[in-house]
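[1] pasted the sequence and its predicted model underneath.
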Amino acid sequence: MTRAMTSDSLRPACFVDRDGTIMADTHYPSDPAQVRLIAGAAQALAEVNARGIPVVIVTNQGGIARGYLTEAQYETVRARLESLLAAAGVTVHATYHCPHWEPITGPCDCRKPGLGMYRRAAAEHGLDLARSVYIGDRWRDVKPGVELGGLGVLVPGPDTPDDDVAQARTHAHVVPALHDAVSLHFAALPRAIDHVG
């Protein structure tokens, strides 16, 4: 029997969106050659690693349900991204993706801003959702943090709608770069975390 986790044994995480936050959003990338890191993203995530906080990528991939790419193609893109990050000294603790698109597959609890992927990550890796940071370039990436009691931080990109920025300014935080979102989380944590399991 697995021992129940207590709040003291849970770790905060850095939940970060993929397209438009870590890598350039090329809209339904299906080829590893399309993967290009956003300037400064790897360095920011390396800082997260250095603090012993797990980096968890959480991404909507509705293009799978819509036939724009296959699960196998998604995996090649994921592997390429993690390879580039590893070359820059970044360890990705886990990656979760939602392949659904409601008009085709029906409703699900995992497509952001749904909480399914976050709750799964928390259960599988012993994460404290209320002490975690939720970073992305869309309101749907940030809203889960607000709902779960964590720190939601919007990093606007070229495709970020004005309404998303307005929502984040009202209910969460808006910063110009991923590094600033990471720094905001560090400042909010009551103490440093000294291990990654």
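    Everything's here; your move.
[2] chain center to the longest helix anywhere in the chain: distance?
    Longest helix in the chain by number of residues (criterion: DSSP state H): helix 71-87. Centre-to-centre, helix 71-87 and its host chain are 15 Å apart (C-alpha atoms, centre = their mean, to the nearest Å).
[3] residues of that helix that come out buried?
    Neighbour counts using 16 or more other C-beta atoms under 10 Å place 73, 74, 76, 77, 78, 80, 81, 82, 84, 85 of helix 71-87 among the buried residues. Every C-beta, even on glycine, is put in place using the N, C-alpha and C of the backbone.
[4] and these as TSV, adding pLDDT and distance to residue 186?
    TSV is the format used below for these (pLDDT from 0 to 100; distance: C-beta to C-beta, whole Å):
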residue	pLDDT	distance to residue 186
73	98	35
74	98	31
76	98	33
77	98	29
78	98	27
80	98	29
81	98	24
82	98	23
84	98	24
85	98	19
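[5] for the residues you listed, which one is nearest residue 61?
    Closest approach between the buried residues of helix 71-87 and residue 61, by C-beta to C-beta: residue 74, at 5.7 Å.
[6] pretty sure residue 55 contacts residue 46?
    No. Residue 55 lies out of contact with residue 46 (C-beta atoms under 8 Å); the separation is 9.3 Å.
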